[in-house]
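**Q** Sequence and predicted structure, then a few things I'm wondering about:
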Amino acid sequence: MSNNKSDVLILGGGIIGLACAYYLLKSGRGVTILEQNTLASGSSHGNCGTITPSHAPPLSQPGMIGKALKWMLTPDAPFRVAPRLDFELFEWMLQFARRCTWRDYHRLARAKGPLLLRSRALIGELVRAENLACEYEESGTLYVHRDEAAFDEASHLPDTLAACGIAMRRVDAARCRELEPMLNDSVVGGYWNPDDTRLRPDRYAAELARVVRVLGAQIHESTMIAGFRHDRERIAAVVTDRGEFPADEVVFALGAWSPKLGRQLGLRIPIQPGKGYSITYTRPARAPRIPLTLKERSICVSIWGSGYRLGSTMEFAGYDASLNRTRLDAIRRGAAEYLVEAEGPDVVEEWYGWRPMTYDDLPIIGRTSKWKNLMLATGHSMLGVTMSAATGELVAQLFAGGDTALDAATFAPTRFGL
């Protein structure tokens, strides 16, 4: 329990909470972080660690609903909605479906692009300024196709990204294998993203935690949030299993858990948990040189000096806490279709985590209208690591009340009536 009132109390110690803490501390604010488990133990831990402005286009695109319906009864499909009666998921999917148009596809890409580009630049600066030992490398990434029709269908991507100020180049099969010799002969072409970068996400989080501690953050792990104490239109304190934590300002950086706690404050935060999986190996003898996205299977391949990871897939199955063997096996099989050597010699970890998915594929960053001292920093979908630094900067700038580097209205909670 805290006897003193916190200046800013951040709920959630994942990569978004840590980035918010960093920029708030650098701006002169006092920070306390509450984390229910250990720092960065959720989606911040087992993702593929790519910093990808190339992912500006949203998941909602024409044809996606048809694919989702076709895959609903396919347990190992790259995108799967588990059949169940869930009215909140139904409402979310309806809103998602309404955005599966080319108009919204391009509009949302242009809205997300500036945040991704800003964050990519800030992460590079942060790594250098604070000497973060997180295996950061400006490597680029490569989208890879085995299917000619799918490769041609994606030919609009370079122009879509160019409209966002993001570089992408279409490359043939020979150039794909020149960029990445570990691709096999089945690859027909790909899309090269020269401005994407990579890092090891668990080490990025650990290093950021080290820095915010040095800067003076108070961190309370294994602290379960039970509720809130209100004072008119303000949150007076956060109630936990370790007592109350009073605060002047509160930041919700709770990722996929945001809707559950939001309900206690009368907020319907439109986030669904999108379950992703990864398998981490010791580094294979013939390892890829650059991160890959194996497009038809929606698999990400990440490589660092310290290891190797296959990951991704998207499953809407609520807060199902099982490690689905079918989906892990699908990752292994899918990677083997593209790579000369798909797996490392030893499995270090099999993992799943819930991504906080918004139906418009944009994060929710800003003050709520209902609670005067509550700031949301959540809903980063599949790009929490990529968006981390720009989110932290924007939260600090919104607290300061001056100009912001990004158009804050684009990400404001008010677009959902929050």
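**A** The structure has been received and is ready for your questions. Quick caveat, the model's predicted, so the values are computed rather than measured. Residues are numbered from 1 along each chain as shown.
**Q** Check which helices and strands the longest helix anywhere in the chain is in contact with.
**A** Secondary structure assigned by DSSP state H gives helix 102-129 as the longest helix of the chain. Packed against helix 102-129, as judged by 3 or more C-beta pairs under 8 Å, 6 or more residues apart in numbering; DSSP states H and E, are the following elements: strand 50-51, helix 157-162, strand 197-198, helix 384-400. C-beta: built from backbone N, CA, C; applies to glycine.
**Q** Toward the C-terminus from that helix, list the very next helix or strand.
**A** strand 141-145 (DSSP states H and E).
**Q** For the stretch 101-250 of the chain, give me the ranges with low pLDDT.
**A** Regions of the stretch 101-250 of the chain meeting the criterion pLDDT under 70 are absent.
**Q** same question, the stretch 251-400 of the chain
**A** If you take pLDDT under 70 as the line, the stretch 251-400 of the chain has no such spans.
**Q** the helices in it, which residues?
**A** 258-262, 325-338, 384-400 (DSSP state H, counting those that start in this stretch).
**Q** Alpha carbons only: can I get the first one in CSV?
**A** By that I understand helix 258-262. What follows is helix 258-262, C-alpha atoms only, in CSV (Å, rounded to 0.1, in the frame of the first residue of the first chain):
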residue,chain,number,x,y,z
SER,A,258,-8.8,-2.8,-20.2
PRO,A,259,-12.5,-3.7,-20.8
LYS,A,260,-12.8,-5.8,-17.6
LEU,A,261,-11.6,-3.0,-15.3
GLY,A,262,-13.2,-0.3,-17.5
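**Q** And for that helix, what's in contact with it?
**A** 11, 88, 225, 252, 254, 268-271, 356, 376, 378-379 (C-beta atoms under 8 Å, 6 or more residues apart in numbering).
**Q** on that earlier part again, dump the helices and strands packed on helix 102-129 to a markdown table, plus mean neighbour count.
**A** A markdown table is the format used below for these (neighbours: other C-beta atoms under 10 Å):
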| stretch | mean neighbour count |
| --- | --- |
| strand 50-51 | 28 |
| helix 157-162 | 16 |
| strand 197-198 | 23 |
| helix 384-400 | 25 |
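**Q** okay, those in a markdown table with distance to M64 next?
**A** A markdown table is the format used below for the helices and strands packed on helix 102-129 (distance: least, C-beta to C-beta, whole Å):
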| stretch | distance to M64 |
| --- | --- |
| strand 50-51 | 22 |
| helix 157-162 | 15 |
| strand 197-198 | 27 |
| helix 384-400 | 21 |
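**Q** right, and the ones you listed - which one's nearest A205?
**A** A205 lies closest to helix 384-400 among these, at 8.6 Å (C-beta to C-beta).
**Q** Run the chain-centre distance for the closest one.
**A** Relative to its chain's centre, helix 384-400 lies at 13 Å (C-alpha atoms, centre = their mean, to the nearest Å).
**Q** Remind me what it packs against, helices and strands.
**A** helix 15-26, helix 43-46, strand 50-51, helix 102-129, strand 364-367, strand 374-378.
**Q** relative to strand 374-378, how tilted is it?
**A** 160 degrees (axes from the mean of the first three to the mean of the last three C-alpha atoms, to 10 degrees).
**Q** Next, the angle helix 102-129 makes with helix 384-400.
**A** 80 degrees.
**Q** Extract the CA atoms of helix 384-400 and return them as PDB.
**A** Provided in PDB are the C-alpha atoms of helix 384-400 (Å, rounded to 0.1, in the frame of the first residue of the first chain):
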ATOM      1  CA  GLY A 384       2.200  -2.500 -29.000                       C
ATOM      2  CA  VAL A 385       6.000  -2.700 -29.200                       C
ATOM      3  CA  THR A 386       6.000  -0.600 -32.500                       C
ATOM      4  CA  MET A 387       3.700   2.000 -31.100                       C
ATOM      5  CA  SER A 388       5.200   2.100 -27.600                       C
ATOM      6  CA  ALA A 389       7.500   5.100 -27.700                       C
ATOM      7  CA  ALA A 390       5.100   7.400 -29.600                       C
ATOM      8  CA  THR A 391       2.300   6.400 -27.200                       C
ATOM      9  CA  GLY A 392       4.500   7.300 -24.200                       C
ATOM     10  CA  GLU A 393       5.400  10.600 -25.800                       C
ATOM     11  CA  LEU A 394       1.800  11.500 -26.600                       C
ATOM     12  CA  VAL A 395       0.600  10.700 -23.100                       C
ATOM     13  CA  ALA A 396       3.300  12.900 -21.600                       C
ATOM     14  CA  GLN A 397       2.500  15.700 -24.000                       C
ATOM     15  CA  LEU A 398      -1.300  15.400 -23.300                       C
ATOM     16  CA  PHE A 399      -0.500  15.700 -19.600                       C
ATOM     17  CA  ALA A 400       1.600  18.800 -20.200                       C
END
